[in-house]
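Chemist: No sequence on hand, only this structure:
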């Protein structure tokens, strides 16, 4: 079972991801296609209901034109 602290971390990461995606003017469909995941998976990431591994984090960062560390900016 996932702790409430981990749930909060996932939610904060998801919100950051969503904000970065929107700042870049990209849809969930565009990002999902670029990183080769299903759009539902991306939606679940953005709502804090799913986590992914480092290779996918790298793809997300590259697609959004940021460094991996930037995906966690403001996430405590």
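Modeler: Received, thanks. The model shown is predicted, which means the values in this text are computed figures rather than measured ones. Numbering: from 1, shown residues only.
Chemist: Contact partners for residue 51?
Modeler: By Cβ atoms under 8 Å, 6 or more residues apart in numbering, residue 51 lies in contact with 10, 45. Placement of C-beta: from N, CA and C, glycine included.
Chemist: where's it, which helix or strand?
Modeler: Using DSSP states H and E, residue 51 sits within no helix or strand.
Chemist: what's it sitting at in phi/psi?
Modeler: Per-residue torsions, residue 51: phi -130, psi 150 (degrees, to the nearest 10).
Chemist: tell me the pLDDT at the residue nearest to residue 13 when sequence neighbours are not counted?
Modeler: Ranked by Cβ to Cβ, 6 or more residues apart in numbering and with sequence neighbours excluded, the top spatial neighbour of residue 13 is residue 75, at 5.2 Å. Residue 75 is assigned 87 on the pLDDT scale.
Chemist: so residue 75 touches residue 11, yeah?
Modeler: No. Residue 75 sits out of contact with residue 11 when judged by Cβ atoms under 8 Å, with a separation of 9.4 Å.
Chemist: what residues are up against the spatially most central residue of the chain?
Modeler: What sits nearest the mean C-alpha location of the chain, by Cα atoms, centre = their mean, is residue 17, with 4.1 Å. Taking Cβ under 8 Å, 6+ apart as the criterion, residue 17 is in contact with 45, 46, 60, 71.
Chemist: mind checking the longest helix of this protein?
Modeler: helix 4-23 (DSSP state H).
Chemist: Give the other helices and strands that the helix or strand just after it contacts.
Modeler: Downstream of helix 4-23, the first helix or strand assigned by DSSP H and E is helix 28-35. Counting contacts by 3 or more Cβ pairs under 8 Å, 6 or more residues apart in numbering; DSSP states H and E, helix 28-35 is packed against helix 39-46, helix 54-64.
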